[in-house]
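Trainee: sequence and predicted structure, then a few things I'm wondering about:
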Amino acid sequence: MAADVPAGSAPASAADRRIPVTVLTGFLGAGKTTLLNWLLAQPGLDSAAVLINEFGEVGVDHLLVEKVDDTLVLLDSGCICCSVQGDLVRALKNLFMRALRREIPPVGRVLIETTGLADPAPVIHTLMEEPFIAERYRCDGVVTAVDTTHALDQLGAQREAVRQVAMADRLLLTKCDLADDDARATLAARLAELNPGAPQIEVRQGVPAEGGVDALFGCGLYSAAGKLPDVAAWLGEERARRLEAERAARSAPMAWRKGAPPARPAAAPARHDEGVSSYVIRFDEALQWYGFSDALGLILQVYGERILRVKGVLNVEGDPLPRVVQCVQHVAYPPTSLPAWPQTGPLSDRRSRLVFIVRDLPRSEVEVILASLAGQAPSAEAA
Ligand SMILES: Nc1nc2c(ncn2[C@@H]2O[C@H](COP(=O)(O)OP(=O)(O)OP(=O)(O)O)[C@@H](O)[C@H]2O)c(=O)[nH]1
């Protein structure tokens, strides 16, 4: 079944040979990686390249994606919406050129998983307006994962969550297996206010209830028509911001020639809420699971409101495999294991690391609890 093209989105013509790009977004912990793994297991998706972007220094998501080849690219120089011109453009150019040189197989589609804090506007703008990219790729839709169990709070507190919903072509209501009918209906009504045109698809345990892959792809060329007027305004702001940055870049060398310091671009408005920060807590020795999980449980109980996301890869005493813990606000999801310790990157030293993304929660508060219950003092690591 082909998904309906929402009002305002023009279907891509059959003659359009550009590579379709799906932007998979959604707030922290909404279930993007889980959906991505489901997608990658579907027939016909072996030629998809995946770009993953994560908030914080120690990336965990790329370890959780079940695709290990040259077409999985980690965008690790900051949040995609802040570093879009550098990282994303470079990665898409590289993919195209490497496929052209036959260093990798032809790329049939690109899936971009943004950070949970990303504003989709700069990503969409880049796909549609950056000349090299727009000639070779077309934005085939913004698919937003919305956590049925946490989204109402997130939409009330975080402007990024509102933008991710309002700019979507498809809304995937994740974790419906954990929510009751009333919660689902209340959220569906709120989402319809923010984005009346986007089809809403329920997801249980990472699997969409209807439409399969076709419900997520074939969204038509991205368009602000049919969405709230805010969407066109945000894309317009993005265009203005980009023009201003280009103008400042052009004027900088002139100033140097006259011996003055280069003109600095006007301070860009902050894209992220200033209260939101991330830090990494490291344990150098193997952890005793029960003490550690007591400590984490207490942290979630006491500070859950201020914990946007916790992700950790742990070296647990007696377990040869890295254990993965994941939490959103007060909820800890069942732990899983990676198939092996990574051979490269920060986790190759087999030390446990927990990445916290928090709102107004100092590291010291968390460390006190971990130190008293987990059986060893944590070490700080730059985030
Ligand atoms: N029960 C249930 N759990 C889910 C579902 N989708 C995701 N989860 C769990 O929710 C947690 C977060 O899921 P992820 O897929 O990592 O979320 P994410 O959006 O990629 O997270 P970030 O990249 O950190 O923003 C994991 O422990 C998942 O197993 C679902 O539909 N049902």
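Mentor: Yep, that arrived.
Trainee: mind listing the strands for the stretch 151-300 of the chain?
Mentor: According to DSSP state E, counting those that start in this stretch, the stretch 151-300 of the chain carries its strands in the segments 170-174, 200-204, 207-208, 276-283.
Trainee: measure residue 207 to the ligand for me?
Mentor: 8 Å (Cβ to the nearest ligand atom, to the nearest Å). In short, each C-beta sits where N, CA and C put it, glycine included.
Trainee: most tightly packed of the strands of the stretch 151-300 of the chain?
Mentor: Greatest average neighbour count among the strands of the stretch 151-300 of the chain goes to strand 170-174 (a mean of 27), per mean count of other Cβ atoms under 10 Å.
Trainee: that one pairs with which strands?
Mentor: strand 137-147 (parallel), strand 200-204 (parallel) (DSSP bridges).
Trainee: put the alpha carbons of the last one into CSV.
Mentor: Listed next in CSV are the C-alpha coordinates belonging to strand 200-204 (Å, rounded to 0.1, in the frame of the first residue of the first chain):
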residue,chain,number,x,y,z
GLN,A,200,-0.5,9.1,12.7
ILE,A,201,0.8,5.5,12.9
GLU,A,202,0.9,3.5,16.1
VAL,A,203,4.1,1.6,16.9
ARG,A,204,4.4,-1.3,19.3
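Trainee: tell me if it is near the ligand.
Mentor: Yes - using Cβ under 6 Å from any ligand atom, strand 200-204 reaches the ligand at 203-204.
Trainee: hmm, who's touching that strand?
Mentor: Among residues not part of strand 200-204, those counted as contacts by Cβ atoms under 8 Å, 6 or more residues apart in numbering are 31, 35, 145, 170-177, 184, 188, 191-192, 208-211, 215-216.
Trainee: so what's the closest residue to residue 297 other than its chain neighbours up against?
Mentor: In space, and not counting its chain neighbours, residue 297 is closest to residue 332: 6.9 Å by Cβ to Cβ, 6 or more residues apart in numbering. Contacts for residue 332 (Cβ under 8 Å, 6+ apart) come out as 296-297, 300, 325-326.
Trainee: in TSV: these, plus distance to residue 251 and pLDDT.
Mentor: Output for these, formatted as TSV (distance: Cβ to Cβ, whole Å; pLDDT from 0 to 100):
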residue	distance to residue 251	pLDDT
296	51	95
297	55	96
300	50	97
325	49	96
326	46	95
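Trainee: buried subset of those?
Mentor: Buried subset of the contacts of residue 332 (neighbour count, 16 or more other Cβ atoms under 10 Å): 296, 300, 325-326.
Trainee: interface residues of this structure facing the ligand?
Mentor: For the chain, the residues in contact with the ligand (Cβ under 6 Å from any ligand atom) are 26, 28-34, 61, 116, 145, 174-175, 177-178, 203-206, 309, 311, 326, 333.
Trainee: give me that answer again for 8 Å
Mentor: By the rule Cβ under 8 Å from any ligand atom, the part of the chain lying against the ligand is 26-37, 54-55, 60-61, 64, 113, 115-116, 145, 147, 174-178, 203-207, 309, 311, 326, 328, 333-334, 336, 357.
Trainee: in PyMOL, select just the buried ones from those.
Mentor: In PyMOL, this line selects whichever of the residues of the chain next to the ligand come out buried by 16+ other Cβ under 10 Å:
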select buried, resi 26+27+28+29+30+31+32+33+34+35+36+54+55+60+61+64+113+115+116+145+147+174+175+176+203+206+309+311+326+328+357
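Trainee: okay, buried residues for stretch 131-150 please.
Mentor: Buried residues in stretch 131-150, counted by 16+ other Cβ under 10 Å: 133, 136-150.
Trainee: ditto for stretch 346-362
Mentor: The neighbour-count check on stretch 346-362 (16+ other Cβ under 10 Å) flags 347, 351-359, 361 as buried.
Trainee: out of these, list just those in strands.
Mentor: 352-359 (DSSP state E).
Trainee: so residue 119 sits against residue 165, correct?
Mentor: No - judged on Cβ atoms under 8 Å, residue 119 makes no contact with residue 165 at a distance of 12.0 Å.
Trainee: show me the strands in the stretch 1-150 of the chain, by range?
Mentor: Under the criterion DSSP E, counting those that start in this stretch, the stretch 1-150 of the chain contains strands at 19-26, 48-53, 72-75, 109-113, 137-147.
Trainee: now the helices for the stretch 101-250 of the chain?
Mentor: Ranges of helices within the stretch 101-250 of the chain are 120-129, 131-136, 151-157, 159-166, 181-194, 229-257, based on DSSP state H, counting those that start in this stretch.
Trainee: can you list the low-confidence ranges for this protein?
Mentor: Counting by pLDDT under 70, the low-confidence segments of the chain come to 1-14, 55-59, 61-62, 66-69, 76-85, 252-273, 382-383.
Trainee: how is it divided into domains?
Mentor: Domain segmentation of the chain under automatic domain parsing yields 19-233, 276-381.
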